[in-house]
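In: this one's sequence-less:
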């Protein structure tokens, strides 16, 4: 089988967010990691290979630093990696990313049997790339998957929905977006880390994919970001019950403006 895992490099979830004077989020000194939901996708891709044979290809869009995330996935057990790196993709929105990935997978990496992604990226929470990519590749998709089995050219996926779950069956190739609980992610071993240094990592530009900057022009641009205001100190109301209730209602109306 040819198994593809799409990942994104994101801020560590424990990182302190700093907004610069230009209103942009700074990544200086911040630890960058593989998006946690994408780790479940890579793990499932590797497990699928271990059960069925074949190869695991990990792909992403990003800059030089994204190679670190790809090497981490190679150390986990993926076979090779592809990075789409181009100045026109800096700050790319979900639409632009899905266009670039779709072009790569439909031409350079055609012949895949299954594609894994995380259900969303923890930095923007957009959760758009999996569905956009499935649409562009004309693939069936199972989203927010917590259990998966493959047999006889079909995928059976258990998907998390509001208040319960649903089971979907679809023919391969298909796209599976992973939710926490799908598996338990392995840590790269020392031999795996050493082997990852020698595994192929291909870097492609937009022109290598037959795309131009206009083709991937973002429709959504982050104009500015700001941290939420510091939380105000709480108030303690004292007095008789009737007095406290009256004060509370007044505060809810005039200050909190929730009633």
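Out: Done, it's in. No experiment lies behind these values; they were computed from the predicted model shown.
In: Show the residue spans covered by the strands in this structure.
Out: Under the criterion DSSP state E, the chain contains strands at 2-6, 9-11, 18-19, 25-26, 32-34, 55-61, 80-84, 114-118, 140-151, 154-161, 164-171, 174-178, 201-204.
In: export those to JSON lines and tack on distance to residue 249 and mean neighbour count?
Out: Every residue, glycine included, has its C-beta placed from N, CA and C. JSON lines is the format used below for the strands of the chain (distance: least, C-beta to C-beta, whole Å; neighbours: other C-beta atoms under 10 Å):
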{"stretch": "strand 2-6", "distance to residue 249": "52", "mean neighbour count": "25"}
{"stretch": "strand 9-11", "distance to residue 249": "42", "mean neighbour count": "20"}
{"stretch": "strand 18-19", "distance to residue 249": "37", "mean neighbour count": "12"}
{"stretch": "strand 25-26", "distance to residue 249": "40", "mean neighbour count": "14"}
{"stretch": "strand 32-34", "distance to residue 249": "47", "mean neighbour count": "19"}
{"stretch": "strand 55-61", "distance to residue 249": "52", "mean neighbour count": "24"}
{"stretch": "strand 80-84", "distance to residue 249": "57", "mean neighbour count": "21"}
{"stretch": "strand 114-118", "distance to residue 249": "45", "mean neighbour count": "28"}
{"stretch": "strand 140-151", "distance to residue 249": "41", "mean neighbour count": "18"}
{"stretch": "strand 154-161", "distance to residue 249": "39", "mean neighbour count": "18"}
{"stretch": "strand 164-171", "distance to residue 249": "39", "mean neighbour count": "12"}
{"stretch": "strand 174-178", "distance to residue 249": "46", "mean neighbour count": "27"}
{"stretch": "strand 201-204", "distance to residue 249": "62", "mean neighbour count": "16"}
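In: so which of the ones you listed comes closest to residue 93?
Out: Within these, the stretch nearest residue 93 is strand 55-61; the backing value is 11.1 Å (C-beta to C-beta).
In: Strand 80-84 and that closest one, what's the angle between them?
Out: With axes from the mean of the first three to the mean of the last three C-alpha atoms, to 10 degrees defining the directions, strand 55-61 sits at 20 degrees from strand 80-84.
In: any residues touching strand 55-61, and which ones?
Out: 1-9, 42, 45-46, 48-49, 66, 69-70, 73-74, 77-85, 89, 92, 97, 100-101, 104-105, 109, 112 (C-beta atoms under 8 Å, 6 or more residues apart in numbering).
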